[in-house]
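Chemist: curious how this folds, go ahead:
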Amino acid sequence: RRRFKDMTLTKADLVQKVYEIHDLTKVQAADAVETLLGISKNCLVNGNDLLISGFGKFNVKGKKARRGRNP
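Modeler: Next comes the predicted model:
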């Protein structure tokens, strides 16, 4: 069993997990992950909050511009 603690979770990792857990082809698993991410992105782009029960709540917050520096 692969754990994701202390590592980056990529889209490919998500597709692999969906493929392993559900009776789908890799193409179907990739389409499912892309659909979920697309719905999530559109929700946030349109200014709505995104609540995934048991996982987290996401929202876009505006921030004032800040002065950058050239290191």
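Chemist: what's the biggest helix in this structure, counting residues?
Modeler: Ordering each helix of the chain by length in residues (DSSP state H) puts helix 26-45 first.
Chemist: what is it packed up against?
Modeler: When contacts are defined as 3 or more Cβ pairs under 8 Å, 6 or more residues apart in numbering; DSSP states H and E, helix 26-45 packs onto helix 11-21, strand 50-52. No exception for glycine: its C-beta is placed from N, CA and C like everyone else's.
Chemist: which of the ones you listed sits most buried?
Modeler: helix 11-21 (a mean of 14; mean count of other Cβ atoms under 10 Å).
Chemist: who touches residue 46 in this structure?
Modeler: Contacts of residue 46 were listed using Cβ atoms under 8 Å, 6 or more residues apart in numbering, and none were found.
Chemist: how close does it get to residue 59?
Modeler: Distance of residue 46 to residue 59, given as Cβ to Cβ, to the nearest Å: 12 Å.
Chemist: what's the answer for residue 34, then?
Modeler: 22 Å.
Chemist: kindly report the same for residue 48.
Modeler: In terms of Cβ to Cβ, residue 48 sits 8 Å off from residue 59.
Chemist: and for residue 41?
Modeler: Where residue 59 is concerned, residue 41 sits at a distance of 13 Å (Cβ to Cβ).
Chemist: pLDDT value on residue 3, please?
Modeler: On pLDDT, residue 3 comes in at 61.
Chemist: returning to that earlier point: can you state the direction angle for the longest helix of the chain and helix 11-21?
Modeler: Here helix 26-45 points in a direction 130 degrees away from that of helix 11-21 (axes from the mean of the first three to the mean of the last three Cα atoms, to 10 degrees).
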